[in-house]
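K.L.:
got a predicted model here, sequence first, then my questions.
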Amino acid sequence: MKTILYCTDYSENSIAALKYAYHMAKQMETRLVISHVFDYPTILGTDNLDEPFPHLDKTAHKSHRFKLEEFCDEHLGSSWQDPNVVLEAYEDKSVVQGLISVAVEWHAYLIILGIKGGSTIREVIMGSTTRNLLEKSPCPVLSIPSDASYMLIKNIVYATDFEEEDIYAIRKLVEMAQQLKAAIKVVHISTKDEYKGGMQLEWFKEMLHEKVNYDQIDFELLFTEDVFETLRIYLGDTNADLVVILEREHKGILKNVFHRDLVKKMESYGRVPLLSFRGSNHQLFYFKQAL
């Protein structure tokens, strides 16, 4: 069964993401792993300090699992417990490495986190290691605004830079869209100086159709002097339920103009969930089945 991994630090920012992950997993009929990564010092100063050291590991996991249960009871109600919902308290000194370990263990194809304003839960619980998660994650990362409510995902906007890496990301995205029965709108937002946009679009469409078979993909090319504002308006006009971008390692229009500020602005905008792929390893874009 395929697995969605949701992680929490129990903050207000993570509540909407919990509900979103739960309902998304229900719609897609996937397993949901609800996780919290902790380090042993987090329990010092409690009654657990009197426990003999050999029992520290067992006590800590039991304590954090109970806290996860309380968190789910409070925000999902009493009916959340299901064979396909798993609680995972994981000990690691590095939150990022802990999340990656859980994702690998469960063969997760998606990690869900919460965001609020210009600060992501990744920044809250990981500090400066936000970039490390995106660079090392074995699967895409979905950031959920703190005031988002889950709606059936019908319209997905993918912002492309007309590169081969986009093909692999869209191919993986299509497998998700098929389960959601959602349409994908591939949009390239460019400065007016990029005069070859039309030619690039035709080349990209042909290359994509050779590798991806999905009849609910549309393409659009937009020219502007304000990339973010144009995207914001486009998301509203298309009733986007999800916007998708690709983390790139090399420079390009979206890297310099679009992506550099887009993630921060989109998180500040805080109205549409943001799905981030990474393009450093093509093999990560193959949809993996969990055994």
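P.N.:
Here it is on my side, so go on.

K.L.:
residue nearest the centroid of the protein?
P.N.:
Leu142 (1.4 Å; Cα atoms, centre = their mean).

K.L.:
what stretches of the chain score poorly on pLDDT?
P.N.:
Applying pLDDT under 70 to the chain flags residues 40-57, 116-132, 192-197, 248-270, 279-291.

K.L.:
can you give me the domain boundaries for it?
P.N.:
Listed domain ranges for the chain are 3-145, 155-285 (source: automatic domain parsing).

K.L.:
state the helix or strand in which the residue nearest to the centre of the chain lies.
P.N.:
With elements taken from DSSP states H and E, the one containing Leu142 is strand 141-145.

K.L.:
tell me the strands beside that strand, with direction?
P.N.:
Sheet pairing for strand 141-145, assigned by DSSP bridges, gives strand 110-116 (parallel), strand 274-278 (antiparallel).

K.L.:
and among the ones you listed, the most buried is which?
P.N.:
Mean neighbours per residue, mean count of other Cβ atoms under 10 Å, is largest over the strands paired with strand 141-145 for strand 110-116, with a mean of 26. Every residue, glycine included, has its C-beta placed from N, CA and C.

K.L.:
show residues contacting it.
P.N.:
With Cβ atoms under 8 Å, 6 or more residues apart in numbering as the contact definition, strand 110-116 has outside contacts at 4-8, 11-18, 20-21, 24, 99, 103, 120-122, 133, 137, 139-146, 176, 267, 270, 274.

K.L.:
can you show me the strands along the chain?
P.N.:
Taking DSSP state E as the criterion, the chain contains strands spanning 3-7, 31-38, 85-91, 110-116, 119-120, 141-145, 155-159, 183-191, 217-224, 242-247, 274-278.

K.L.:
could the ones you listed go into CSV alongside distance to Thr230?
P.N.:
Below are the strands of the chain laid out as CSV (distance: least, Cβ to Cβ, whole Å):
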stretch, distance to Thr230
strand 3-7, 31
strand 31-38, 35
strand 85-91, 40
strand 110-116, 22
strand 119-120, 23
strand 141-145, 20
strand 155-159, 11
strand 183-191, 5
strand 217-224, 4
strand 242-247, 13
strand 274-278, 17
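
K.L.:
give me the distance from stretch 20-29 to the chain's centre.
P.N.:
Its chain's C-alpha centre and that of stretch 20-29 lie 14 Å apart, by Cα atoms, centre = their mean, to the nearest Å.

K.L.:
using PDB, list the CA coordinates for that stretch.
P.N.:
The C-alpha coordinates for stretch 20-29 follow below in PDB (Å, rounded to 0.1, in the frame of the first residue of the first chain):
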ATOM      1  CA  TYR A  20      -5.400  17.700   5.200                       C
ATOM      2  CA  ALA A  21      -3.200  14.600   5.300                       C
ATOM      3  CA  TYR A  22      -5.900  12.500   6.900                       C
ATOM      4  CA  HIS A  23      -8.600  13.400   4.300                       C
ATOM      5  CA  MET A  24      -6.200  13.200   1.400                       C
ATOM      6  CA  ALA A  25      -5.100   9.700   2.500                       C
ATOM      7  CA  LYS A  26      -8.800   8.800   2.700                       C
ATOM      8  CA  GLN A  27      -9.500  10.100  -0.800                       C
ATOM      9  CA  MET A  28      -6.500   8.300  -2.300                       C
ATOM     10  CA  GLU A  29      -7.000   5.100  -0.200                       C
END
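
K.L.:
pull the residues that contact it.
P.N.:
Here stretch 20-29 has contacts from 2, 4, 6, 31-32, 34, 76, 80, 84-85, 112, 144, 148-150, 152-153, 176, 179-180, 273, using Cβ under 8 Å, 6+ apart.

K.L.:
and the helix of greatest length in the chain, what does it pack against?
P.N.:
Identified as the longest helix of the chain according to DSSP state H is helix 56-76. In terms of contacts (3 or more Cβ pairs under 8 Å, 6 or more residues apart in numbering; DSSP states H and E), helix 56-76 is packed against helix 13-28, strand 31-38, strand 85-91.
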